[in-house]
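**Student:** quick one, what's the 3D model for this:
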Amino acid sequence: MTAFEKPQIIAHIQKSLNYTVFDCKWVPCSAKFVTLGNYARGTGVIQLYEIQHGDVTLLREIEKAKPFKCGTFGAASLQQRYLATGDFDGNLNVWNLEAPLTPVYSVKGHKEIINAIDGVGGLGIGEGAPEIVTGSRDGTVKVWDSRQKDIPVANMEPVQGESKRDCWTVAFGNAYNQEERVVCAGYDNGDVKLFDLKNMSLRWETNIKNGVCSVEFDRKDISMNKLVATSLEGKFHVFDMRTQHPTKGFASVSEKAHKSTVWQVRHLPQNREIFMTAGGAGALHLWKYEYPVQRSKKDSEGVEMGVAGSVSLLQNVTLSTQPISSLDWSPDKRGLCVCSAFDQTVRVLIVTKLNKV
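**Tutor:** Next comes the predicted model:
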């Protein structure tokens, strides 16, 4: 690929905010996005923005008692587009942004802060029931169906006698039919755990030696293909999830991506081989995964094992001196994304030439 054909990451719009932003998400099928965070006075805030004529316009602001840490539209229908949020007090709330006075669903989900949230079964993405997964500092990972009241449909907590680990990140995957579904969770001690929701069992676990900041499957609604896990020490790992060896688990390749923490990974919705990592030093790195010639081989005993591919850096840009706390690709427009940083700024970015890579 020539330098001329390389994707460029362009900061299209920048908007300074008067609060700390922890998460931002595109509103599906729209030119709108939401930002979530907390004011210095300790309250939580959700803002709804729309892109108009090369700038962003604030449409609505919602202030609540507790700071918001994370949000997802993933369990909502396209008609409703309800936003599910996790807050600093362990509450899971689902909001109708058109009528946000009281949540349409609310549960005290955890004893401590909800660090991470994901949704599946909504937006026409993934088979099966619409479900939300939350991961908390209290060490538990819980799956919720907002059509059912206060009780989680699944609760993954440390076994008796096991020390409690801070869960930093969660992601759904393998939701390709009505029965199959997994949750991947990453913890502060480097543990990555894969929970099989169909069989209610721990399917696989590994440790990447550093706190796991973000995990994401390349697609939620296909048979497990790839999983990326990012860490505190600037590394990320790409696991090939097609072939699980009984003792060696999944094959993986790791890359030293940033000089500091890799806060998030997000796959391009229109091309699952391309993903972006967001770093603690304010940089974004755009990567492409290349599959090996053969994705599996037989070990000395004749048992199938996976073969990892390789990753190449397509482009990188430094946007801020502060960590980039969240990133979300537009599901509708290829190359459009929104990110927030701890410099209290939200940025709308355009990544060009993605159809050339």
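
**Student:** now do the strand or helix carrying residue 263: which elements does it pack against?
**Tutor:** Element membership of residue 263, judged by DSSP states H and E, is strand 262-268. Under the contact criterion of 3 or more CB pairs under 8 Å, 6 or more residues apart in numbering; DSSP states H and E, strand 262-268 touches strand 212-217, strand 226-231, strand 235-240, strand 271-279, strand 324-329. (Glycine included, C-beta is placed from N, CA and C.)

**Student:** at 7 Å what do you get?
**Tutor:** Under the contact criterion of 3 or more CB pairs under 7 Å, 6 or more residues apart in numbering; DSSP states H and E, strand 262-268 touches strand 212-217, strand 226-231, strand 271-279, strand 324-329.

**Student:** and residue 128, which of those strands is closest to it?
**Tutor:** Nearest to residue 128 among the helices and strands packed on strand 262-268 is strand 212-217; the distance by CB to CB comes to 15.0 Å.

**Student:** give the rounded mean pLDDT of the helix or strand residue 170 falls within.
**Tutor:** Per DSSP H and E, residue 170 falls inside strand 167-173. With pLDDT averaged residue by residue, strand 167-173 scores 97.

**Student:** what helices or strands is that strand leaning on?
**Tutor:** Partner elements for strand 167-173 (3+ CB pairs under 7 Å, 6+ apart): strand 114-120, strand 131-136, strand 182-187, strand 212-217.

**Student:** partner strands of it, parallel or antiparallel?
**Tutor:** Strand 167-173 has the following strand partners under DSSP bridges: strand 182-187 (antiparallel).

**Student:** ok so, going back, for the strand holding residue 263, which strands pair with it and how are they oriented?
**Tutor:** strand 271-279 (antiparallel).

**Student:** re the thing from before, which residues are in contact with the strand holding residue 263?
**Tutor:** Under the criterion CB atoms under 7 Å, 6 or more residues apart in numbering, residues 213-214, 216, 218, 228, 230-231, 234, 236, 274-280, 323-329, 354 lie in contact with strand 262-268.

**Student:** quick check: ChimeraX command selecting the buried ones in these.
**Tutor:** Applying 16 or more other CB atoms under 10 Å to the contacts of strand 262-268, the buried members can be selected in ChimeraX as follows:
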select :213,214,216,218,228,230,231,234,236,274,275,276,277,278,279,280,323,324,325,326,327,328,329,354
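
**Student:** returning to that earlier point: just the helices and strands packed on strand 167-173: most buried one?
**Tutor:** By mean neighbour count, with neighbours taken as mean count of other CB atoms under 10 Å, strand 131-136 ranks first of those at a mean of 28.

**Student:** can you give the contact residues for it?
**Tutor:** By CB under 7 Å, 6+ apart, the surrounding residues in contact with strand 131-136 are 72, 75, 84, 86, 90, 92, 109-110, 112-121, 141-146, 153, 167-170, 172, 183, 185.

**Student:** centre-most residue in this structure?
**Tutor:** residue 216 (5.6 Å; CA atoms, centre = their mean).

**Student:** pretty sure it is touching residue 229, no?
**Tutor:** No: judged on CB atoms under 7 Å, residue 216 makes no contact with residue 229 at a distance of 8.5 Å.

**Student:** three-state assignment of residue 7?
**Tutor:** coil (DSSP: H, G, I helix; E, B strand; the rest coil).

**Student:** test my guess that it contacts residue 349.
**Tutor:** No: between residue 7 and residue 349 there is no contact under CB under 7 Å: 11.1 Å.

**Student:** rewinding a little: show me the contacts for the residue nearest to the centre of the chain.
**Tutor:** Per CB under 7 Å, 6+ apart, neighbours of residue 216: 171, 228, 265, 266, 267.

**Student:** tell me what it is bridged to.
**Tutor:** residue 228.

**Student:** ok, now how distant is it from residue 41?
**Tutor:** As judged by CB to CB, to the nearest Å, residue 216 and residue 41 stand 33 Å apart.

**Student:** what of residue 139?
**Tutor:** Going from residue 139 to residue 41 by CB to CB gives 30 Å.

**Student:** same deal with residue 221?
**Tutor:** Residue 221 is 41 Å from residue 41, by CB to CB.
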